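K.L.:
from the sequence below, what's the structure:
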Amino acid sequence: MLDVTVIEDPEAAAVSLDPIRSRLLAELAAGPASAAMLAGKVGLPRQKVNYHLKALERHGLVELAGERRKGNVTERLMRATAASYVISPLALASVQPDPDRFRDQLSARWLLALGARLVRDVGTLITGAARAHKRLATYALDGEVRFASPADRAAFIQELTAGVGALIRKYDAPDAEGGRDHRIVVAVHPTVAPQAPDPRADEDRAVEPEDGESRPPQPPPAELTD
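P.N.:
The predicted structure is shown next:
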């Protein structure tokens, strides 16, 4: 079983988002089970569970893990093909985000578009590497930092931009024969709290303007402010 896999097909995405099928995926990610075993857990007749399992299997979201005899019946034990799933923007190809259409380093929505493109591209690379039976060379760095002040955050952004820019200029070889292009994405955003606050508690708070609405002139990226 894979740790995570990307769903690119629109029909497979629709199947995975069905509440009952999503519950079945969660159960099968925990371990193989038959339709009869799942029926009691999800509160549905075995025949109904079988129907949903066949839909999931048809789209490659579950697979046969084995069979066992139970009386005069042979039960099929199914398992999820991954512990978790990510839906690629390719599943909504006609309306997928395009970071090149709107570039704004201070926009959370542009950051979201970059993230969506990252999911799309890496998902496509994973699929291609699996079909070719090759390993995919990637690297990711994840960490957290607490800034004492907006000024410190702005200084960090400035140094980060200068440092990454220097590395790009040092190693970029656009004319290298046999070289391969790589995309670099660096993001800085507030850490999401474990639990979302009660929306009613925020009714009297000031709300930042949405992207596209009127807002004060933005400072350059190295001078982020609260």
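
K.L.:
next, the distance between the ends of stretch 8-21.
P.N.:
Terminal residues of stretch 8-21 lie 17 Å apart, using CA to CA, to the nearest Å.

K.L.:
Val86 in helix, strand or coil?
P.N.:
Here Val86 is recorded as strand under DSSP: H, G, I helix; E, B strand; the rest coil.

K.L.:
these two touch, right, it and Val6?
P.N.:
Yes - contact status for Val86 versus Val6: in contact at 5.1 Å, counting by CB atoms under 8 Å. The C-beta positions use only the backbone N, C-alpha and C, and glycine is treated the same way.

K.L.:
which one's more surrounded, these two?
P.N.:
Val6 (20 against 13; other CB atoms under 10 Å).

K.L.:
state whether the more buried one is indeed within a strand.
P.N.:
Yes - under three-state DSSP, Val6 sits within a strand.

K.L.:
quick one: pLDDT of the closest residue to it other than its chain neighbours?
P.N.:
For Val6, ignoring the flanking residues on the chain, the nearest one in space by CB to CB, 6 or more residues apart in numbering is Gly123 at 3.1 Å. Gly123 carries a pLDDT value of 89.

K.L.:
show me what the helix or strand hosting Gly123 is packed up against.
P.N.:
Here Gly123 sits within helix 108-132, counting by DSSP states H and E. Where contact means 3 or more CB pairs under 8 Å, 6 or more residues apart in numbering; DSSP states H and E, helix 108-132 is packed against strand 5-7.

K.L.:
list the strands paired with the strand it packs on, with their directions.
P.N.:
strand 85-87 (parallel) (DSSP bridges).

K.L.:
give me the contacts around the partner strand.
P.N.:
4-7, 13, 16-17, 25, 61, 119, 123 (CB atoms under 8 Å, 6 or more residues apart in numbering).

K.L.:
quick one, what contacts the residue nearest to Val6?
P.N.:
Applying CB under 8 Å, 6+ apart, the residues near Gly123 are 6, 8, 86, 88, 90.

K.L.:
check the gap between it and Arg131 for me.
P.N.:
Distance, Gly123 to Arg131, using CB to CB, to the nearest Å: 13 Å.

K.L.:
all strands of the protein, in order?
P.N.:
Ranges of strands in the chain, per DSSP state E, are 5-7, 62-70, 73-80, 85-87.

K.L.:
and the ones you listed, which is most packed in?
P.N.:
The highest mean neighbour count among the strands of the chain, using mean count of other CB atoms under 10 Å, belongs to strand 5-7: a mean of 21.

K.L.:
and Gly212, what's its pLDDT?
P.N.:
Looking at Gly212, the pLDDT reads 43.

K.L.:
and of the strands of the chain, who's closest to Leu141?
P.N.:
strand 85-87 (19.4 Å; CB to CB).

K.L.:
let me see the mean pLDDT of that closest one.
P.N.:
On average, strand 85-87 scores 93.
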